[in-house]
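> Predicted structure and sequence below. I'll ask about it afterward.
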Amino acid sequence: MNTNAYMNSITMYIYVFAVAVGQGTAILVGRLVGEGRKEDAYHLCFWSFFRGLAITVFVSILVLIFAVPIFKLFTTSEAIITLGVKVLAVDIFLEFGRCANVIIIN
């Protein structure tokens, strides 16, 4: 339970980049669709997805590299730190789905 709480706190900092790109893209795509430029909107959506994905994967890897010092800000339990590092490694792969949900679905 503690690891889950710490992971939620840490991954929100990773997730914020996808949310920012997703909100900006939604505004721009809406404008393009309103102008009748659906093909441009389609391309912008996927361009933003790949850029947002690159940013979040980069930040996820950066957080994974510094995972132990980050977790030590929250706890001294080696079991929680070990589990948290493993979950952060898996989280890199989850960013693909998270970015798709936040950027493309918007």
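Structure's in. What do you need? Being a predicted model, the structure only gives us computed values, none of them experimental.

> Sort out which residues of the helix or strand where Val85 lies are buried, please.
Assigned by DSSP states H and E, Val85 belongs to helix 78-99. Neighbour-count burial for helix 78-99 flags Ile80, Ile81, Leu83, Gly84, Val87, Leu88, Asp91, Ile92, Glu95, Arg98, Cys99 (criterion: 16 or more other CB atoms under 10 Å). For glycine as for every other residue, the C-beta is placed from the backbone atoms N, C-alpha and C.

> before we move on, what about stretch 58-69?
Val59, Ser60, Val63, Leu64, Ala67.

> Contacts only, for the first one.
Val59 is in contact with Tyr13, Ile14, Phe17, counting by CB atoms under 8 Å, 6 or more residues apart in numbering.

> how about 10 Å then?
For Val59, the contacting residues are Tyr13, Ile14, Tyr15, Val16, Phe17, Ala18, Ile92, Glu95, by CB atoms under 10 Å, 6 or more residues apart in numbering.

> any idea which helix or strand comes after the host helix or strand of it?
In the assignment (DSSP H and E), Val59 maps to helix 38-65. The element immediately downstream of helix 38-65 (helix or strand, assigned by DSSP H and E) is helix 67-74.

> can you give me the angle the helix holding Val85 makes with helix 38-65?
170 degrees (axes from the mean of the first three to the mean of the last three CA atoms, to 10 degrees).

> name the helices or strands packed onto helix 78-99?
On a contact count with 3 or more CB pairs under 10 Å, 6 or more residues apart in numbering; DSSP states H and E, helix 78-99 meets helix 2-34, helix 38-65, helix 67-74.

> With mean pLDDT added, can I get those helices in a markdown table?
Output for the helices and strands packed on helix 78-99, formatted as a markdown table (pLDDT from 0 to 100):
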| stretch | mean pLDDT |
| --- | --- |
| helix 2-34 | 89 |
| helix 38-65 | 93 |
| helix 67-74 | 90 |
